[in-house]
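>>> build me a structure from this.
(one chain, ligands or ions: 1)
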Amino acid sequence: MSTTGGPRPDRVVVVLGTGTEVGKTWVGARLLEALRGAGVAVAARKPGQSADPDDTSPSDADVLAGGSGEDPLAVCPAHRRYEVAMAPPMAAAALGRPVPSVAELAGELTWPEGVAVGLVETAGGLLSPAADDGTAVDLARAVGCDLAVLVADAGLGTLNSVRLCLAALAGETWPTVVVLNRFDPDDALHRANRDWLAARDGVDLVTDVPALVARLR
Ligand SMILES: C[C@H](N)[C@H](N)CCCCCC(=O)O
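Numbering: from 1, shown residues only. Predicted structure coming up:
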């Protein structure tokens with residue numbers, strides 16, 4: 001159940017990560033691009049973003065906006081951007097700015113009419129604070145997640161991080177697709193990780209964006 005008002009996308013896809021810097025934004029932007037290229041109406045939202053002020057690379061909202069074809073300020077409004085490399089609510093507090101609640105972030109989310117896939121990207125990992133009173137998972141619930149995309153690294157350590165995240169998501173109503181990002185088919189460990197998670201744990205898993213797009217069809 002979403003706490004947001006106004007038009008709602010046919011499907012809300014929330015991009016979660018096993019941790020920070022696993023490539024959530026890259027996967028989200030490529031997904032938006034591919035769907036848009038196939039004629040699907042998309043929109044992206046980043047309810048809060050934080051970054052090192054010395055980082056000159058495009059912000060997450062800029063990258064997502066490139067994928068969805070929107071104004072970056074529609075993806076993440078100026079008052080939810082924090083130039084401190086901390087979890088967004090922690091960054092807000094460090095800057096002496098208001099720290100939102102999960103309900104406030106979800107309530108701020110507006111969608112254009114006629115969106116088929118609305119993508120919401122969270123910040124950091126699954127249990128990183130998203131607001132004063134909740135994590136990325138709490139935010140996913142509040143925005144009415146229909147499908148979670150859990151982005152993980154393909155390499156060493158991913159078995160543990162994916163299993164921890166899926167355990168944390170066990171009570172949720174939505175299905176979760178795991179993306180093993182930066183997957184190299186020539187890497188024996190990457191292949192072994194994929195096979196172990198899929199065969200032993202029955203994880204719904206993909207290793208590239210085209211396969212993820214196919215899941216959304
Ligand atoms: C600055 C960084 N790139 C992200 N935007 C924020 C990551 C927050 C992680 C918080 C944590 O789980 O410890």
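
>>> from now on I want contacts and neighbour counts done on CA atoms only, so please keep to that.
Fine.

>>> so residue 35 sits against residue 215, correct?
No: applying Cα atoms under 8 Å as the test, residue 35 and residue 215 come out as separate, 11.4 Å apart.

>>> more neighbours: the two, which one.
Neighbours were counted for residue 35 and for residue 215 using other Cα atoms under 10 Å; residue 35 has more, 22 against 11.

>>> packing partners of the helix or strand the more buried one falls within?
Per DSSP states H and E: residue 35 is located in helix 24-37. Helix 24-37 sits against strand 11-17, strand 42-45, helix 60-68, strand 117-121, helix 209-216, with contacts defined as 3 or more Cα pairs under 8 Å, 6 or more residues apart in numbering; DSSP states H and E.

>>> for residue 156, which of these is the nearest?
Put simply, out of those the one that sits nearest residue 156 is strand 11-17, at 15.8 Å, with distance taken as Cα to Cα.

>>> got a markdown table for the helices and strands packed on helix 24-37, with mean pLDDT and distance to the ligand too?
Putting the helices and strands packed on helix 24-37 into a markdown table (pLDDT from 0 to 100; distance: least, Cα to the nearest ligand atom, whole Å) gives the following:
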| stretch | mean pLDDT | distance to the ligand |
| --- | --- | --- |
| strand 11-17 | 98 | 10 |
| strand 42-45 | 98 | 14 |
| helix 60-68 | 98 | 8 |
| strand 117-121 | 98 | 11 |
| helix 209-216 | 95 | 22 |
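
>>> below-threshold pLDDT in this protein: ranges please.
1-5 (pLDDT under 70).

>>> try it again at 50.
1-3 (pLDDT under 50).

>>> residues of it that sit close to the ligand?
Taking Cα under 6 Å from any ligand atom as the criterion, the chain approaches the ligand at residues 20, 49, 50, 51, 85, 86, 87, 123, 124, 125, 128.

>>> what segments of this protein are helices?
According to DSSP state H, the chain carries its helices in the segments 24-37, 60-68, 72-75, 88-94, 102-108, 136-142, 158-168, 188-195, 201, 209-216.
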